[in-house]
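Asker: structure, please.
(one chain, ligands or ions: 1)
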Amino acid sequence: MVKKLQDTTTLHNDVKMPWLGIGVFKVEEGPELVNAVKTAIKHGYRSVDTAAIYENEEGVGIGIQEGLKEAGITREELFVTSKVWNSDLGYESTIAAYETSLKKLGLEYLDLYLIHWPVEGKYKDAWRALENLYKEGRVKSIGVSNFQIHHLEDLMKAAEIKPMVNQVERHPRLTKKELQAFCKKNGIQLEAWSPLMQGQLLENEVLQKIADKHNKSVAQIILRWDLQHGVVIIPKSTKEHRIIENANVFDFELTKEEMQIIDDLNQNYRVGPDPDNFDF
Ligand SMILES: NC(=O)C1=CN([C@@H]2O[C@H](COP(=O)(O)OP(=O)(O)OC[C@H]3O[C@@H](n4cnc5c(N)ncnc54)[C@H](OP(=O)(O)O)[C@@H]3O)[C@@H](O)[C@H]2O)C=CC1
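Answerer: Reported below is the predicted structural model:
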């Protein structure tokens, strides 16, 4: 059972990944971004999730440097994720994209590098690039994002190394039960993006009732539900009180019945694009 903010899950290559990190999607370069990353590290977060397409890797890098300094911890104590964007998928272009991300972040390596979207006809070459970066020791772990079961099956047929992580949209309205089971069976760690459904679930009455019972917020109930399902979470907030709130999910436990009630909220409803039907 996950007990504290700095607890980790062990990926199939034995790398340890924190169960909880901060996401920074849609946070533009500038002081708000730098502060969010710094504040998260100050409050004990040890994982940061960004992507080339967010166009904020430079600010994330500054936030990391300042956060490490203020918290008095080393780079090795932090887990940093970025993602290669669709237009860069390809062998050489993916390697080049990795270099660019490192440069922008001001880092010498990433803990996790992901293929952002499963662009047909492109993700296998990109995966070979990730495998080589990994084999050369230039990235600690590699994975994918927005991959459905059939994408994973297809990739694994050609792959030498199995993805360590699959980061997908997941929240109580989109529980992805089959994908979760598939990932578990194959030793692929599932990670939830938009775990709070971008803030759209926070008024839900069913969740509010459970929250009241535990004297917690709806956001905390959802995040706890993920953790108890063995899913890594990266909620985004730029506000200090919410950054603290979202990390305060290690001192209570949902009952089996409560877990089931939340599972039953599933409607296969997405806030983001469909990985089987996107055109970017
Ligand atoms: N791989 C992929 O394709 C994708 C990955 N991601 C990653 O996942 C991360 C999280 O997903 P994201 O889409 O940002 O959405 P989230 O589900 O994390 O929701 C973020 C929204 O909820 C608000 N919020 C956060 N905490 C609370 C709280 N405790 N109470 C009330 N409101 C709250 C935030 O506002 P405020 O900041 O004002 O607090 C923000 O508007 C991203 O930042 C990104 O790193 C996201 C989308 C796609």
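Asker: got a list of what the residue of the chain found nearest the ligand touches?
Answerer: Residue nearest to the ligand within the chain (C-beta to the nearest ligand atom): residue 23, separated by 2.5 Å. All C-beta atoms are positioned from the backbone trio N, CA, C, and that covers glycine. Counting by C-beta atoms under 8 Å, 6 or more residues apart in numbering, residue 23 makes contact with 49, 193, 234, 235, 236.
Asker: look at the first one and say how many residues are nearby.
Answerer: Applying other C-beta atoms under 10 Å, we find 27 other residues in the vicinity of residue 49.
Asker: and for the spatially closest residue to residue 280 that is not a sequence neighbour, the neighbour number?
Answerer: The shortest distance from residue 280 to any non-neighbouring residue, by C-beta to C-beta, 6 or more residues apart in numbering, is to residue 86 (6.3 Å). A count of nearby residues for residue 86, using other C-beta under 10 Å, gives 18.
Asker: what's the pLDDT at the residue of the chain closest to the ligand?
Answerer: Note on residue 23: pLDDT of 98.
Asker: and the strands in the stretch 101-250 of the chain?
Answerer: Using DSSP state E, counting those that start in this stretch, the strands found in the stretch 101-250 of the chain span residues 112-115, 142-145, 165-169, 189-193, 232-233.
Asker: who in the stretch 151-280 of the chain is up against the ligand?
Answerer: Neighbours of the ligand within the stretch 151-280 of the chain, by C-beta under 6 Å from any ligand atom: 167, 193-199, 202, 217, 219, 234-239, 242, 245-246, 272.
Asker: any regions of the stretch 51-200 of the chain where pLDDT drops low?
Answerer: Applying pLDDT under 70 to the stretch 51-200 of the chain flags no residue at all.
Asker: now the helices: where do they sit in it?
Answerer: Under the criterion DSSP state H, counting those that start in this stretch, the stretch 51-200 of the chain contains helices at 57-71, 91-105, 123-135, 149-158, 177-185.
Asker: show me what the last one is packed up against.
Answerer: In this structure, helix 177-185 packs against helix 149-158, strand 165-169, strand 189-193, with contacts taken as 3 or more C-beta pairs under 8 Å, 6 or more residues apart in numbering; DSSP states H and E.
Asker: likewise for the second one?
Answerer: Packed against helix 91-105, as judged by 3+ C-beta pairs under 8 Å, 6+ apart, are the following elements: helix 57-71, strand 79-84, helix 123-135.
Asker: relative to strand 189-193, how tilted is the shortest one?
Answerer: The directions of strand 79-84 and strand 189-193 differ by 80 degrees, with axes from the mean of the first three to the mean of the last three C-alpha atoms, to 10 degrees as the criterion.
Asker: which other helices and strands contact strand 79-84?
Answerer: strand 16-18, strand 47-49, helix 91-105, strand 112-115.
Asker: what's the closest of the contacts of residue 23 to residue 209?
Answerer: residue 235 (21.2 Å; C-beta to C-beta).
Asker: just confirm the residue nearest to residue 280 contacts residue 121, I think it does.
Answerer: No - counting by C-beta atoms under 8 Å, residue 86 stays clear of residue 121, with 11.4 Å between them.
Asker: look up the closest residue to residue 128, ignoring the ones flanking it.
Answerer: Spatial nearest neighbour of residue 128, excluding adjacent residues (C-beta to C-beta, 6+ apart): residue 91 at 5.8 Å.
Asker: no wait, residue 179
Answerer: Excluding the flanking residues, the one nearest residue 179 by C-beta to C-beta, 6+ apart is residue 149, at 5.8 Å.
Asker: circling back: out of the helices of the stretch 51-200 of the chain, which gets nearest to residue 260?
Answerer: helix 177-185 (12.1 Å).
Asker: give me the residues contacting that closest one.
Answerer: Residues from elsewhere that reach helix 177-185 (C-beta under 8 Å, 6+ apart): 148-149, 152, 166, 168, 188-190, 229-231, 263, 266.
Asker: helix 149-158 and that helix, what's the angle between them?
Answerer: Using the same axes, to 10 degrees: helix 177-185 against helix 149-158 is 30 degrees.
Asker: can you list the buried residues in helix 177-185?
Answerer: Buried residues in helix 177-185, counting neighbours by 16 or more other C-beta atoms under 10 Å, are found at 179, 180, 182, 183.
Asker: for stretch 229-246, same thing?
Answerer: Result for stretch 229-246 [16+ other C-beta under 10 Å]: buried residues 229, 231-238, 242-243, 245-246.
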